[in-house]
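Asker: Got a sequence here, can you model it:
(chains A and B)
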Amino acid sequence: MDYIVNGFYEAIKLIFSFDSELYEIIGLSVFVSSSAVIISVLFSIPMAVTLGIKEFIGKEIFARLMYTLMGIPSVLVGLLVAITLSRRGPLGILGLMYTPKAMIIAQFVLITPLMMGLIFTIVRKRGKEIERAGRLLGARNIHLILLIIRELKVEIMMAVLTAFSRAISEVGAVMIVGGNIKNHTRVITTSIVMFNSMGDYELAIALGIILLLISLIINSLLYRYKEGG
Amino acid sequence: MKIHITNLKKRFNDKLILDIEKIEIEKGLQCVIGENGCGKTTLLNIIAGQLHYDSGIVDYNNKPFSKLLAKDITLVPQKPYMLDRSVYGNIAYPLKLRKMSKNQINYEIDKILDYLDLMPLKHQKATNLSVGETQKIALIRAMIFKPKLLLLDEPTSNIDNKAIIKVETLIREYAKDNTVIMVTHSLTQVQRLTNRIIKL
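Answerer: Below you'll find the predicted structure:
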């Protein structure tokens, strides 16, 4: 039992000693997940809003497909991205495998259906009445999309934060496409797996605490946003 | 704007809701009256271009409905949707879409809010208003960008008697230069407002 207590004690010491390796890992994690979320936001929000209010053939099938992809296992995404980016793969020429860019791509693929699915659902539910109100006041095309985004900003923000939460806490995809290379592609989750297998519990627990803190901050933001509007 | 409706039919689930042989609507104010479920709201939605109809013709100045025409038409529903922003933000929205200057927007909004004694509501969140206040703000928001055709679905149903007179005056004034079609259940209100009645 001592090693657990000791692990926690050493972990807290590590956090406050501002260990460079620890903070490099945290920095890369936040950078990779934030980049994936920002790129996904630019794609998912306009797409989900447009598809949510438009009526088109196959909308139900599209919705079901997206809901299925919302829960796609991260190792499967990692595998698919790895196959695409590996030297023999269709995008192998880009030489992205085992780089932070590959990790961003993998997380983008992982969280985009989740973000789109959440926004698509709320737009399907509430988008029509907002669209109607906007049209009656003279809004068209881009103004209608912007109006819906603004009216549903709380729900959209929650979807974005949920996606960030999923991105920063996943391990499968970044492990496969990043390779957990020291000072290059090592992030919080892959480090926890590695330090645990090495029996280095202090660093694993320290990173676990940091991950938990990040989750706490995100959930606090979600709660505040939801309550405050 | 002149509206010509000929042989208009609308069904919901095989039930004939609307069957109009001929209606001609000229500039000014006309009231639509009729029993519950006779298709008054459906008619307004069709004229506003919000609802498809099964057969017939609806012409606006002898032209069919188009996106260009839609800019000059608006409808205030029985339960209007308030945008999640202040009363000022709600009323300013259609004016901002039409690229009106900020000074002009402020002037127009202050003028109309002042007339209806609604200045204290100016910076309140529109989604927190009472039903009657919502109706008044929705009416102002629709009138402020001066659509040539204004469709009102029971716009005073939740407004107190004192304010109704002012709202009616506002509607009557507006109808001097535009076409206003108003659904109402109050025959005394019809008598006060117009002698042009569409009975469904």
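Asker: Please count neighbours and contacts with C-alpha atoms only from this point.
Answerer: OK.
Asker: The spatially most central residue of chain A: which element?
Answerer: For chain A, the residue nearest the mean C-alpha position is A:Ala167 (2.9 Å; C-alpha atoms, centre = their mean). Secondary-structure element containing A:Ala167, defined by DSSP states H and E: helix A:153-169.
Asker: what do you get for A:Met97?
Answerer: Using DSSP H and E, no helix or strand contains A:Met97.
Asker: how many other residues sit next to it?
Answerer: As a burial measure, A:Met97 scores 23 neighbours (other C-alpha atoms under 10 Å in any protein chain shown).
Asker: Need the phi and psi values for A:Ile192.
Answerer: A:Ile192 adopts backbone torsions of phi -60, psi -40, taken as degrees, to the nearest 10.
Asker: Around chain B, pick out the residues from chain A.
Answerer: Proximity of chain A to chain B (C-alpha under 8 Å from any C-alpha of the partner chain) is limited to residues A:Glu129, A:Ile130, A:Arg132, A:Ala133, A:Leu136, A:Leu137, A:Gly138, A:Ala139, A:Glu151.
Asker: so which of those residues would you say is closest to A:Gly117?
Answerer: A:Glu151 (17.8 Å; C-alpha to C-alpha).
Asker: Look at the residue nearest to that closest one when sequence neighbours are not counted and report its pLDDT.
Answerer: In space, and not counting its chain neighbours, A:Glu151 is closest to B:Asp84: 5.9 Å by C-alpha to C-alpha, 6 or more residues apart in numbering or on different chains. As predicted, B:Asp84 sits at a pLDDT of 94.
Asker: Helix, strand or coil: sort out B:Asp84 for me.
Answerer: Taken by DSSP: H, G, I helix; E, B strand; the rest coil, the conformation at B:Asp84 corresponds to coil.
Asker: Tally up the residues packed near it, please.
Answerer: Neighbour tally, B:Asp84, other C-alpha under 10 Å: 17.
Asker: I'd guessed it sits against B:Thr127; true?
Answerer: Yes - using C-alpha atoms under 8 Å, B:Asp84 is in contact with B:Thr127, at 6.1 Å.
Asker: can you give me the strands in chain B?
Answerer: For chain B, the strands defined by DSSP state E cover B:3-12, B:15-25, B:28-33, B:55-60, B:73-76, B:149-153, B:179-183, B:197-199.
Asker: closest to A:Val187 out of those strands?
Answerer: Closest to A:Val187 of those is strand B:73-76 (C-alpha to C-alpha; 54.7 Å).
Asker: re earlier: and the next element down the chain from the helix holding A:Ala167?
Answerer: That would be, after helix A:153-169 and using DSSP H and E, helix A:172-178.
Asker: and the helix holding A:Ala167, which residues are buried?
Answerer: Buried residues in helix A:153-169, counting neighbours by 16 or more other C-alpha atoms under 10 Å in any protein chain shown, are found at A:154-169.
Asker: Go through these and name the one nearest A:Met116.
Answerer: Ranked by distance to A:Met116 (C-alpha to C-alpha), the buried residues of helix A:153-169 are led by A:Ala159 at 8.3 Å.
Asker: shouldn't that closest one be in contact with A:Met115?
Answerer: Yes - contact criterion C-alpha under 8 Å: A:Ala159 and A:Met115 qualify, at 5.5 Å.
Asker: Just the buried residues out of the residues of chain A next to chain B, in PyMOL syntax.
Answerer: What follows is the PyMOL syntax selecting those of the residues of chain A next to chain B that are buried according to 16+ other C-alpha under 10 Å:
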select buried, chain A and resi 129+130+133+136+137+138+139+151
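Asker: So which of the residues of chain A next to chain B is the closest to A:Leu216?
Answerer: Nearest to A:Leu216 among the residues of chain A next to chain B is A:Glu151, at 26.5 Å by C-alpha to C-alpha.
Asker: can you pull the pLDDT of the closest one?
Answerer: At A:Glu151, the model reports a pLDDT of 96.
Asker: Next one: it from B:Arg141, what distance?
Answerer: Taking C-alpha to C-alpha, to the nearest Å as the measure, A:Glu151 and B:Arg141 are separated by 17 Å.
Asker: what's the weakest-modelled helix or strand in chain A?
Answerer: Every helix and strand in chain A was compared by mean pLDDT, DSSP states H and E; the lowest is helix A:2-16, with a mean of 79.
Asker: Would you mind checking the average pLDDT for the next helix or strand after it?
Answerer: Following helix A:2-16 in sequence order, the next helix or strand is helix A:20-53 (DSSP H and E). Average pLDDT, helix A:20-53: 94.
Asker: Also stretch A:213-222?
Answerer: Averaged over stretch A:213-222, pLDDT sits at 85.
Asker: Send me that stretch as CSV with only the CA atoms.
Answerer: Output in CSV follows, covering the C-alpha atoms of stretch A:213-222 (Å, rounded to 0.1, in the frame of the first residue of the first chain):
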residue,chain,number,x,y,z
LEU,A,213,-7.7,18.5,-13.2
ILE,A,214,-8.1,19.2,-16.9
SER,A,215,-11.4,17.2,-16.9
LEU,A,216,-12.5,19.2,-13.8
ILE,A,217,-11.8,22.5,-15.5
ILE,A,218,-13.7,21.5,-18.6
ASN,A,219,-16.7,20.2,-16.6
SER,A,220,-16.7,23.4,-14.5
LEU,A,221,-16.7,25.5,-17.7
LEU,A,222,-19.5,23.3,-19.1
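Asker: mind listing what's buried in the least confident helix or strand in chain B by mean pLDDT?
Answerer: In chain B, no helix or strand scores lower on mean pLDDT, DSSP H and E than helix B:67-70, which sits at a mean of 84. For helix B:67-70, burial by neighbour count (16+ other C-alpha under 10 Å) applies to B:Leu69, B:Ala70.
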